[in-house]
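Asker: have a look; sequence and predicted model below, questions after that.
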Amino acid sequence: MCVLCQGADRPITREHIFARWLIRQVHGAKLVPSQGALSTAAPLRIARVVVPVCADCNAGWMSGLEVSFRRMLFARPRTGPLQAPDRLTLSRWFTKTAVLLAHAYGGALVGAEHPAQLVSGMPDDIEVFLARRRRPRQDLDYALDVMTDGEARESRVRSVAVLVDDLIAHVAATGTLSSRHGTRLWPLRTHTMRWDTLPVITLVVRG
Ligand SMILES: [Zn+2]
C-alpha cells in the first residue's frame, strides 16, 4: 500500500525520501543523521532511506511539490515575506518528508492519520514550525522523537525535525510544538511571516 495516498491498486516502488537533486545540492551522498539513526546498528545514509510509494503519487503531486520546493529554496534569495502559497508548499514538503521518515523507521507520525490529504493539501491535525539554524553541522539532517510505549507493533512518532540547508522544520500533531521549534508556518496565521526574521534555533525534537 502507498504510504501517502493509501492506494493499494497501483504499482508500488521503493523511492528515496530525499531526491537526488537535493542530495547533490547539499553534497549529501555520505551524510548520516547527526543524532544517530534510531535503533539501527549501522547508521543509514540519508541518501539511501527508501519508502514504498505508488507511481501515481511519485510521478504526480510529489514531483510537482519537489519542483516548487526546489525553486523556493534554491532558485531565488530567501528574503522578504513568505506568502501563503509558499507556506503551503513548504508545509506540504516537510510534512510529506516527516510522514515518510516516520514510516521508514517503522512508525507513524501522530496526527498524520490521514496522509492522503497531502495529495492536495495538508493533513487536518498537523502543525509545522519553521526556523533557521546558524552554521549547521551538515546541510541535510533529520531527527525523530519516538514515543517508547512497550508492546506496540508500530512505534508512534511524536515529532520529526528536518533540516535542509539552514532551514529547519518541525512537524507534529497540533498543540505539540512551541516557540522553541521556531515560528508557526502551518496552519496559516493572518500576520506576515518573513524569511529574514525567522528565529534561529538548534536541532531539537523534544516538545
Ligand atoms: Zn500513492
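Answerer: Looks like it arrived, so ask away. Residues are numbered from 1 along each chain as shown.
Asker: what is the helix ranked longest in the chain packed up against?
Answerer: Ranked by number of residues, the top helix in the chain under DSSP state H is helix 84-104. Where contact means 3 or more CB pairs under 8 Å, 6 or more residues apart in numbering; DSSP states H and E, helix 84-104 is packed against strand 50-54, helix 61-74, strand 107-109, strand 126-132, strand 140-147, strand 155-164, strand 167-173, strand 183-186. Backbone N, C-alpha and C define where each C-beta goes, glycine included.
Asker: interface residues of this structure facing the ion?
Answerer: By CB under 5 Å from the ion, the part of the chain that sits against the ion consists of C2, L4, C5, G7, C54, C57.
Asker: buried subset of those residues?
Answerer: Buried members of the residues of the chain next to the ion, scored by 16 or more other CB atoms under 10 Å, are C2, L4, C5, G7, C54, C57.
Asker: helices - which of the residues you listed land there?
Answerer: Using DSSP H, the subset of those located in helices is C57.
Asker: pLDDT check: weakest of the buried ones among the residues of the chain next to the ion?
Answerer: Scanning these for pLDDT, the smallest score is found at G7, 90.
Asker: what sits against that one?
Answerer: M1, C54, D56, C57 (CB atoms under 8 Å, 6 or more residues apart in numbering).
Asker: mind doing that once more with 7 Å?
Answerer: Taking CB atoms under 7 Å, 6 or more residues apart in numbering as the contact definition, G7 lies against C54, D56.
Asker: please tell me how far it sits from A116.
Answerer: Using CB to CB, to the nearest Å, G7 is found at 8 Å from A116.
Asker: ditto for V162
Answerer: 21 Å.
Asker: these two: who's more crowded?
Answerer: V162 (24 against 14; other CB atoms under 10 Å).
Asker: so how far is the ion from that one?
Answerer: According to CB to the ion, to the nearest Å, V162 stands 20 Å off from the ion.
Asker: name the nearest residue to that residue, ignoring sequence neighbours.
Answerer: Leaving out its chain neighbours, the residue that sits closest to V162 by CB to CB, 6 or more residues apart in numbering is Y142, at 4.8 Å.
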